[in-house]
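Undergrad: Sharing a model that was predicted from the sequence below.
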Amino acid sequence: MAEAAGPPLRILVLNQIAAKGLQRLPAGSYVTGKDVAEPDAVLVRSADMHGMDIPASVRAIARAGAGTNNIPVQAMSARGVPVFTAPGANANAVKEMVLAGMLMAARQLAPAQRFVAQLDPAAPDLEQQIEAGKKDFAGVELAGQTLGVIGLGRVGCLVADAAIKLGMEVLGYDPEITVDAAWSLPSQVRRAASVEQVLKGADFVSLHVPLVDATRGLVGAANVGAMRPGAVLLNFSRQGVADDAAVLAALDARQLAWYVCDFPNAAILRHPRVIALPHLGASTREAEENCAVMVAEQLRDYLEHGNIANAVNFPGMAMARESHWRVAIANANVPNMLGQISTTMAHAGLNIHNMANKSRGDMAYTLVDVDSPVGTGVLDALAAIEGVLAVRYLPHRGS
Ligand code: MLT
């Protein structure tokens, strides 16, 4: 009765992905690489997929990171293609970078390092020059300062917790905080009612929101002036969340002391009080491995069993395998889809063994286990139902 495991699944890998993650897609069952044609899925880190001709064969996209602004999520949803991420897998790395950024700004480490680097190592009075120069780089301590955290997801919560441990006051703002995040926040974190309240009340402000229409220019001309004179703004979320022109104007007016930014561009690159880093927040060995392993496992479970965890555009779904033959259907979240799906299967003489259906916004997802093999005619009939976006046949591959 059992069918062959099928040809290896083909994964197009657009960026360097940690080997530990790729090992979760074992050779024999998977072909992975940057030149894979007709891929079943795409594994990506920061490559920009907007404007890319994503092959029709693609059934899933897996991002080894948290944000999805480099992926055309809406277009993928219309094709019934889930976009997986690795929420939290790199949060500690980003948290540590925020701490480094705060310390760099507070202790003037960037200009101090530039000062030392331009000294003449052969100068006979080198030591005196070093000692004389240090007066220009006196800083402040973090303990006792107030940190404002805008966005209390996994990174924001870790940053808030670390800042409390460093003796800082923390003011947090997130109108959409999840119950889990709220529980994980230290009780000392004070809750702000608006972005403006954070900007007014903090010496350091760290942004931890995704880039979406609602967060574009979240700190901009309209509100940057509310920041405390000499405040430090940190952006380890995405370029565009802070408006570059407004930030530069605030730096030039000495409203802002420093802008620490992981997303430099031509406009801000050379400003003496911009600490610009090349999108390094999640670039640690640990974070890269965590992300790669997490998305590779999610991708594998989806490709082989149809289960979904951490897709940004699909509901979560996990159905234990009780039958060899499984069909996965992505469809519009409209009435009578389940009725049509089960009727189509019944007309083909298929007995439904188990079925699960979940929805999220406009997207619905259905897994159906049946007691006998499913022919292409039934799959075509399911695909032809109005509102069905994608149909996959998933006979057990034996893993
Ligand atoms: C993220 O979205 O988590 C980061 O951008 C990941 C990365 O640096 O690749």
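TA: Nice, I can see it. Quick caveat, the model's predicted, so the values are computed rather than measured. Residues are numbered from 1 along each chain as shown.
Undergrad: rest of the way, CA atoms for contacts and neighbours
TA: OK.
Undergrad: Flag every residue of the stretch 251-399 of the chain that's near the ligand.
TA: Within reach of the ligand by C-alpha under 6 Å from any ligand atom, the stretch 251-399 of the chain has these residues: 282, 283.
Undergrad: Can you show me the strands along the stretch 251-399 of the chain?
TA: Using DSSP state E, counting those that start in this stretch, the strands of the stretch 251-399 of the chain run over residues 256-261, 274-276, 325-332, 352-360, 363-370, 388-393.
Undergrad: what's the longest one packed up against?
TA: In terms of contacts (3 or more C-alpha pairs under 8 Å, 6 or more residues apart in numbering; DSSP states H and E), strand 352-360 is packed against strand 363-370.
Undergrad: again with the first one
TA: Packed against strand 256-261, as judged by 3+ C-alpha pairs under 8 Å, 6+ apart, are the following elements: helix 91-106, strand 231-235, helix 244-252, strand 274-276.
Undergrad: Strand partners (parallel or antiparallel) of it?
TA: With DSSP bridges as the test, strand 256-261 is paired with strand 231-235 (parallel), strand 274-276 (parallel).
Undergrad: repeat for the fourth one
TA: Strand pairing for strand 352-360, determined by DSSP bridges: strand 363-370 (antiparallel).
Undergrad: can you list the residues that contact the partner strand?
TA: With contacts defined as C-alpha atoms under 8 Å, 6 or more residues apart in numbering, strand 363-370 is touched by 77, 306, 313-315, 319, 321-333, 350-359.
Undergrad: Stretch 329-341 now?
TA: By C-alpha under 8 Å, 6+ apart, stretch 329-341 touches 80, 359-367, 382, 385, 387-392.
Undergrad: Out of the residues you listed, which end up buried?
TA: Listed as buried from the contacts of stretch 329-341 are 80, 359, 363-367, 382, 387-392; burial here means 16 or more other C-alpha atoms under 10 Å.
Undergrad: what's the most buried one of the helices and strands packed on strand 256-261?
TA: Among these, ranked by average contacts under mean count of other C-alpha atoms under 10 Å, first place goes to strand 231-235 (a mean of 25).
Undergrad: Just the residues contacting that strand, thanks.
TA: With C-alpha under 8 Å, 6+ apart, strand 231-235 has contacts from 98, 101-102, 105, 202-208, 241-242, 255-263.
Undergrad: at contact distance from the ligand, anything in that strand?
TA: No - applying C-alpha under 6 Å from any ligand atom, one finds strand 231-235 out of contact with the ligand, separated by at least 12.0 Å.
Undergrad: and the residue of the chain most remote from its centre, which of the three is it?
TA: Distance from the C-alpha centroid of the chain, by C-alpha atoms, centre = their mean, peaks at residue 124 (51.5 Å). Here residue 124 is coil, with the state taken from DSSP: H, G, I helix; E, B strand; the rest coil.
Undergrad: Let me see the confidence value for it.
TA: Note on residue 124: pLDDT of 98.
Undergrad: Which secondary structure element of the protein has the lowest mean pLDDT?
TA: Here the helix or strand of the chain ranked lowest by mean pLDDT, DSSP states H and E is helix 179-184, holding a mean of 92.
Undergrad: State the distance from the residue positioned nearest the centre of the chain to residue 326.
TA: Among the residues of the chain, the one closest to the centroid is residue 66, at 1.2 Å (C-alpha atoms, centre = their mean). From residue 66 over to residue 326 the distance is 30 Å, taken as C-alpha to C-alpha, to the nearest Å.
Undergrad: coming back round to it: export the strands paired with strand 256-261 to CSV and append columns for distance to residue 119 and mean pLDDT.
TA: Formatted as CSV, the strands paired with strand 256-261 follow (distance: least, C-alpha to C-alpha, whole Å; pLDDT from 0 to 100):
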stretch, distance to residue 119, mean pLDDT
strand 231-235, 28, 98
strand 274-276, 21, 97
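Undergrad: can you list the ones you listed in CSV and add distance to residue 38?
TA: Shown next, in CSV, are the strands paired with strand 256-261 (distance: least, C-alpha to C-alpha, whole Å):
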stretch, distance to residue 38
strand 231-235, 38
strand 274-276, 39
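Undergrad: With respect to residue 155, which of those lies nearest?
TA: Closest approach to residue 155 among the strands paired with strand 256-261 is made by strand 231-235 (12.2 Å; C-alpha to C-alpha).
Undergrad: mind checking how far that closest one is from the chain centre?
TA: Distance of strand 231-235 from the chain centroid (C-alpha atoms, centre = their mean, to the nearest Å) equals 21 Å.
Undergrad: what angle do it and helix 244-252 make?
TA: Interaxial angle, strand 231-235 versus helix 244-252 (axes from the mean of the first three to the mean of the last three C-alpha atoms, to 10 degrees): 150 degrees.
Undergrad: relative to helix 91-106, how tilted is strand 231-235?
TA: Counting by the same axes, to 10 degrees, strand 231-235 lies at 150 degrees to helix 91-106.
Undergrad: Could you shift the numbering so residue one becomes 46, and keep it that way?
TA: New numbering, starting at 46: the last item is strand 276-280.
Undergrad: just to revisit the earlier point, quick check, nearest of the buried ones among the contacts of stretch 374-386 to the ligand?
TA: Taking C-alpha to the nearest ligand atom as the measure, the ligand lies nearest residue 125 of these, at 22.4 Å.
Undergrad: My understanding was that the closest one contacts residue 428; is that so?
TA: No - using C-alpha atoms under 8 Å, residue 125 makes no contact with residue 428, being 11.3 Å away.
Undergrad: Mutual contacts of the two, please.
TA: When contacts are counted by C-alpha under 8 Å, 6+ apart, the set common to residue 125 and residue 428 consists of 434, 435.
Undergrad: How far does stretch 268-286 stretch from one end to the other?
TA: 13 Å.
Undergrad: what's the longest helix in the chain?
TA: Assignment by DSSP state H gives helix 330-350 as the longest helix of the chain.
Undergrad: Lovely, talk soon.
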